[in-house]
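J.: have a look at this prediction, sequence included:
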Amino acid sequence: MRYHFIRDCVDQGKARVDSISIFEQLADILTKGLGKTAFQELCSKIGMIKI
């Protein structure tokens, strides 16, 4: 049901769906085991700092 609503909104020009590179998926820091470099880059992007 939800998919059809979103699809209809896109078709009517009310919404736009953009693809996002896997390197820009900020939620990955919370949902995936990442390598050190990827983890540090995402920490920086979300403003996480060491305390």
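T.: Here it is on my side, so go on. These numbers come from a predicted model, not from an experiment.

J.: which stretches of the chain form helices?
T.: Assigned by DSSP state H, the helices in the chain fall at 2-11, 28-31, 36-46.

J.: which neighbouring elements make contact with the shortest one?
T.: Counting contacts by 3 or more C-beta pairs under 8 Å, 6 or more residues apart in numbering; DSSP states H and E, helix 28-31 packs against helix 36-46. Where C-beta positions appear, they are placed from N, C-alpha and C, glycine not excepted.

J.: now the helices of the chain in CSV, with mean neighbour count?
T.: Putting the helices of the chain into CSV (neighbours: other C-beta atoms under 10 Å) gives the following:
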stretch, mean neighbour count
helix 2-11, 10
helix 28-31, 12
helix 36-46, 12
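
J.: closest one to Ser19 among the ones you listed?
T.: Ranking the helices of the chain by their distance to Ser19 (criterion: C-beta to C-beta) puts helix 2-11 first, at 12.9 Å.

J.: off-centre distance for that closest one?
T.: Centroid displacement of helix 2-11 relative to its chain, using C-alpha atoms, centre = their mean, to the nearest Å, is 20 Å.
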